[in-house]
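Trainee: Generate coordinates for the sequence data below:
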Amino acid sequence: MSLIPSFFGRRSSNVFDPFSLDLWDPFEGFPLSTNFPSSARETSAVANACIDWKETPEAHLFKVDVPGLKKEEVKVEVEDGGILQISGERSKEQEEKNDKWHRVERSSGKFCRRFSLPENAKLEQVKAAMENGVLTVTVPKEEVKKPEVKAIDIYG
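Mentor: Have a look, this model is predicted:
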């Protein structure tokens with residue numbers, strides 16, 4: 001958070017009020033910052049959906065934070081070549097004519113994350129479950145066959 005007061009334009013920050021602090025964008029108002037379409041700006045906040053990827057002896061586990069989304073708003077796909085794609089969209093809240101917004105911090109828009117799965121992934125057995133705003137995708141692994149070791153007698 002920035003402790004820079006409103007010397008730089010319309011920001012109304014108060015260093016003594018932690019709820020009024022805002023991020024200061026040094027490029028705000030420059031021509032380049034407005035060249036991006038509004039959809040790109042909306043998507044950028046959500047595009048970085050937080051994902052953890054953990055490998056256990058039995059499977060690869062992906063945990064995705066998607067608070068406020070229903071399972072119908074999230075899509076999990078496996079493409080040819082072992083690509084796992086997790087995507088979704090959070091809709092913007094409807095604005096009423098008489099509403100007065102004090103702060104808008106929750107992001108809206110689309111997100112899409114793609115992961116190249118390792119060769120030992122069982123692509124036909126991928127499962128997904130959603131609970132308390134966390135999507136868990138389980139990709140089982142093929143058992144690694146341990147090489148058979150044969151003892152050789154030494155003569156002499």
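Trainee: quick one, helices of this structure?
Mentor: 38-47 (DSSP state H).
Trainee: Low-confidence bits of it, can you list those?
Mentor: 1-48 (pLDDT under 70).
Trainee: For it, which segments count as strands?
Mentor: 51-55, 59-65, 74-79, 83-90, 109-116, 127-131, 134-140 (DSSP state E).
Trainee: quick one: buried residues of the second one?
Mentor: Put plainly, it is strand 59-65. Judged by neighbour count using 16 or more other Cβ atoms under 10 Å, the buried positions of strand 59-65 are Ala59, His60, Phe62, Val64. All C-beta atoms are positioned from the backbone trio N, CA, C, and that covers glycine.
Trainee: what packs against it?
Mentor: Other helices and strands packing on strand 59-65, by 3 or more Cβ pairs under 8 Å, 6 or more residues apart in numbering; DSSP states H and E, are strand 51-55, strand 83-90, strand 134-140.
Trainee: in its sheet, what does the longest one sit against?
Mentor: Which is strand 83-90. strand 74-79 (antiparallel), strand 109-116 (antiparallel) (DSSP bridges).
Trainee: To Asp52, which of these lies closest?
Mentor: strand 109-116 (11.6 Å; Cβ to Cβ).
Trainee: returning to what we had before: can you convert the strands paired with strand 83-90 into TSV and add a column each for mean neighbour count?
Mentor: Listed next are these as TSV, based on neighbours: other Cβ atoms under 10 Å:
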stretch	mean neighbour count
strand 74-79	15
strand 109-116	15
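Trainee: Any idea which of those strands gets closest to Arg90?
Mentor: Of all these, the one in closest proximity to Arg90, counting by Cβ to Cβ, is strand 109-116 (6.6 Å).
Trainee: Would you mind getting the angle between the closest one and strand 59-65?
Mentor: 160 degrees (axes from the mean of the first three to the mean of the last three Cα atoms, to 10 degrees).
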